[in-house]
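> For reference, the sequence and a predicted model appear below.
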Amino acid sequence: MVKDIDMKVVIRPILAVPVILLALHTVGNCQVDSLRQALTSAGNNTERVEILYQLARLSWHSDLTKTYEYAISAIKLSEEIEYKEGTAKVTNVLGAIKQIQGDNEGALKEYLLSLQLFEQLGDSLNIAKLNNNIGLIYHGIRRYRESILHYNKSMAIYERLNNEPNKANTISNIGLSYLGLGENEEAVNQFSKSLALQLRLGNVLVAAKLYSNLGRAHQNLQNYQVAMAYHQRGYNLIDSLGSTQDLAEVQANMAGIMNITGNYREALRMTNAGINVAREFGLKPVWLALLQEQAIAQEGLEMYKEALQARNEYIALRDSVYNEEINRRVVEQQSKYELEAKGKEIEILNKDKALQEAALGRERNKNYLLLSLVIFAGVLLLVAVYFQVNKTRTNKVLAAQNNEIKNQQTQLEKALAQLKQSNADLNHLNEEKDYLMKIVAHDLKSPLHQIQGLADLLKLEVKDLTEDQAEILQKITGSSGRLVELIDKILDVSAVEAKSINLALQTCKLDELLLKAVGDFEKQAERKEISIRTKVTGATFSSLVDPNYTIQVYENLISNAIKFSPPNQEIVVSMEEDDEKIKTEVIDNGPGLNEEDQQKLFTKGQKLSARPTGGESSTGLGLSIVKKYVEAMKGKVWCESKFGQGAKFVVEFDKA
């Protein structure tokens with residue numbers, strides 16, 4: 001006797017995105033014949049793989065053995081030409097064949113391999129399909145946690161692809177796995193989500209089955225009234241669609257609730273109707289469940305004779321189902337054995353074919369070698385004749401080329417002499433330019449100083465100047481001062497470029513030089529209501545530098561900080577040292593520097609996008625001089641800034 005099992009009917013998992021092989025419908029022989037003809041005339045191996053794959057997909061309904069042959073041939077060829085997509089697709093087909101045979105372990109192995117290949121290819125849709133079908137196999141062998149894991153992976157992809165039909169089916173499958181685990185509340189949650197999507201998509205029959213699944217989950221939770229309401233909704237939808245054979249499953253579940261709640265008469269009516277449908281369509285699992293519920297209802301109504309008949313009919317039908325299952329498994333095993341034998345036969349034939357092709361190849365190679373030797377000898381003879389004929393001609397050409405090279409060498413020597421003379425002339429002109437610039441600059445400075453002095457004298461001596469006169473004198477003083485400053489910077493640049501900086505290096509205390517420079521600019525900072533905060537304490541700060549040039553560097557950086565800082569801001573001047581270096585920082589709260597300006601820094605004559613905040617002048621020479629002076633004293637200077645957040649200029653010297 002076969003052990004009794006719970007025959008309550010539950011809708012099976014939905015194959016949300018079916019394995020390609022399983023999704024096909026029977027096709028006419030004409031399409032298969034057409035593909036076979038195309039296989040003989042295929043232009044390349046990739047095309048042959050695709051045709052073999054299509055043949056495997058289309059022939060599984062009629063000849064599973066032939067399907068296996070096509071699939072094995074396609075896989076072998078795909079691996080030979082390293083066609084990963086073809087291998088992935090055909091491996092998927094092999095998994096479907098094994099699933100049909102009931103070989104879940106073999107199907108799982110093929111699906112996992114196909115999944116790995118599609119993941120390497122980045123094929124999202126096929127990854128989702130395979131995760132769904134792997135979940136179905138795990139569900140079928142009651143490994144529900146693993147099935148949920150793969151369903152969730154599948155659903156995540158469908159959500160990203162906005163594929164709502166497959167998403168809805170996958171959610172339903174997740175609910176069924178939770179139902180299998182006995183986690184009925186979570187099953188209700190998943191079924192409800194799927195139901196909402198299916199109704200929105202207009203999938204009425206699927207929605208009807210989901211109502212029944214919700215009824216079963218609530219039945220497990222002993223919410224019998226709610227369960228019956230869901231079953232009734234499903235029943236009504238299926239009945240309205242005229243899907244008679246689907247009614248039997250719902251009737252079995254409804255009869256079960258009626259028996260639990262003591263409504264035996266209605267349960268008997270429901271089972272009688274359901275048994276007629278199950279018998280008509282040959283739905284034996286549902287038929288068994290209905291017979292069980294019929295016997296329970298009859299016993300509740302004290303119809304013991306009829307109940308005994310129902311149980312006897314149940315036992316006979318159960319034994320019939322068991323025998324059919326045994327026969328089916330025998331057929332599956334036989335089919336599996338035949339397919340494996342066929343695979344080995346194909347493998348042996350392929351090896352024999354390969355050996356024959358190798359032998360033919362060796363024979364062809366011998367013939368090719370002999371022919372190649374003959375051709376090579378002929379070519380050698382022709383080459384020898386060719387070289388002999390062209391030897392004299394080549395010598396004449398070489399002699400002419402040598403003469404041409406000598407002529408070109410003579411012309412190059414003349415051009416080189418002219419270039420040397422041009423360089424000498426340019427150097428002389430450059431020296432004269434520098435000399436003239438120095439004379440002009442020095443000659444200009446003297447009258448400019450006189451103009452400044454006269455303007456200052458007028459301001460001191462003349463007491464009753466009008467406002468306009470005072471303003472004019474102030475402009476004269478400012479303009480002449482800016483010209484003197486510009487001349488000084490031009491002279492500094494000229495000295496730097498001429499490498500005529502005369503350094504007087506000595507050990508100096510950099511903090512004293514820095515504080516002197518800060519003191520020189522305090523009045524200028526006060527005029528813009530800017531405060532200068534110094535942070536110079538706790539070290540000796542001794543370095544080998546030229547004190548004059550160092551003060552000039554500090555003054556230039558502090559002057560720039562004042563120029564580019566808005567009023568009522570603070571400038572921070574600090575100095576710190578470590579074991580080897582002394583670092584001076586001048587930090588302002590100006591507009592900062594963008595990336596383009598930072599590329600131009602320390603380059604002569606470059607003006608930046610930022611402008612002085614008080615209308616001060618800017619020549620674009622100061623920072624280039626700073627860089628030259630610092631590097632001449634073997635130091636480093638750089639800037640750290642973010643646009644809109646001020647700037648920090650850093651000067652670094654070695655410790656003495």
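On my side now, so go ahead. Residues are numbered from 1 along each chain as shown.

> Where does pLDDT dip in the stretch 1-150 of the chain?
1-29, 60-61 (pLDDT under 70).

> mind listing the strands in it by residue range?
Using DSSP state E, counting those that start in this stretch, the stretch 1-150 of the chain contains no strands.

> Same question for the chain.
With DSSP state E applied, the chain shows strands at 506-509, 531-535, 542-545, 570-577, 581-588, 636-641, 647-654, listed in chain order.

> For residue 260, which of these is the nearest?
In terms of Cβ to Cβ, the element of the strands of the chain nearest to residue 260 is strand 636-641, at 79.1 Å. For the C-beta atoms, the positions are set from N, CA and C on the backbone; glycine is no exception.

> For that closest one, buried residues please.
Using 16 or more other Cβ atoms under 10 Å as the test for burial, strand 636-641 gives 637, 639, 641.

> tell me which residues form a beta bridge with the last one?
Beta bridges link residue 641 to residue 647, judged by DSSP bridges.

> quick one: which of the buried residues of strand 636-641 is nearest residue 106?
Nearest to residue 106 out of the buried residues of strand 636-641 is residue 641 (Cβ to Cβ; 66.9 Å).

> show me the contacts for the closest one.
Residue 641 is in contact with 592-593, 598, 647-648, counting by Cβ atoms under 8 Å, 6 or more residues apart in numbering.

> out of these, what pair is the most spread apart?
Checking the contacts of residue 641 with Cβ to Cβ, the most distant pair is 598 and 648, at 12.0 Å.

> Now do the shared contacts for these two.
With Cβ under 8 Å, 6+ apart, residue 598 and residue 648 have common neighbours 639, 641.

> Does residue 237 touch residue 204 like I think?
Yes: if you go by Cβ atoms under 8 Å, residue 237 and residue 204 touch, sitting 5.9 Å apart.

> neighbour-wise, which of these two wins?
Neighbour tally, residue 237 and residue 204, criterion other Cβ atoms under 10 Å: the higher count belongs to residue 237, 21 against 14.

> Pipe the strands of the chain into CSV and attach mean pLDDT and distance to residue 409 per row.
Listed next are the strands of the chain as CSV, based on pLDDT from 0 to 100; distance: least, Cβ to Cβ, whole Å:
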stretch, mean pLDDT, distance to residue 409
strand 506-509, 94, 56
strand 531-535, 93, 67
strand 542-545, 93, 53
strand 570-577, 94, 61
strand 581-588, 94, 55
strand 636-641, 94, 48
strand 647-654, 95, 52
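
> closest to residue 177 out of those strands?
strand 636-641 (58.7 Å).

> In PDB, list the C-alpha atoms belonging to that closest one.
The C-alpha coordinates for strand 636-641 follow below in PDB (Å, rounded to 0.1, in the frame of the first residue of the first chain):
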ATOM      1  CA  LYS A 636      59.400  75.300  -2.900                       C
ATOM      2  CA  VAL A 637      56.300  77.400  -3.300                       C
ATOM      3  CA  TRP A 638      52.700  76.200  -4.100                       C
ATOM      4  CA  CYS A 639      49.100  77.100  -3.700                       C
ATOM      5  CA  GLU A 640      46.100  75.200  -2.200                       C
ATOM      6  CA  SER A 641      42.700  76.600  -3.100                       C
END
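
> now it against strand 647-654, angle please.
For strand 636-641 against strand 647-654, the angle by axes from the mean of the first three to the mean of the last three Cα atoms, to 10 degrees is 160 degrees.

> Now do the buried residues in stretch 524-539.
524-525, 528, 530, 532, 536.

> Okay, now it: how far is its last residue from its first?
Across stretch 524-539, the terminal residues are separated by 29 Å (Cα to Cα, to the nearest Å).

> quick one: that stretch to chain centroid distance?
For stretch 524-539, the distance from its own C-alpha centre to the chain's C-alpha centre is 51 Å (Cα atoms, centre = their mean, to the nearest Å).

> List the contacts of it.
With Cβ under 8 Å, 6+ apart, stretch 524-539 has contacts from 511, 514-515, 518, 521-522, 558-559, 562, 565, 567-577, 613-614.
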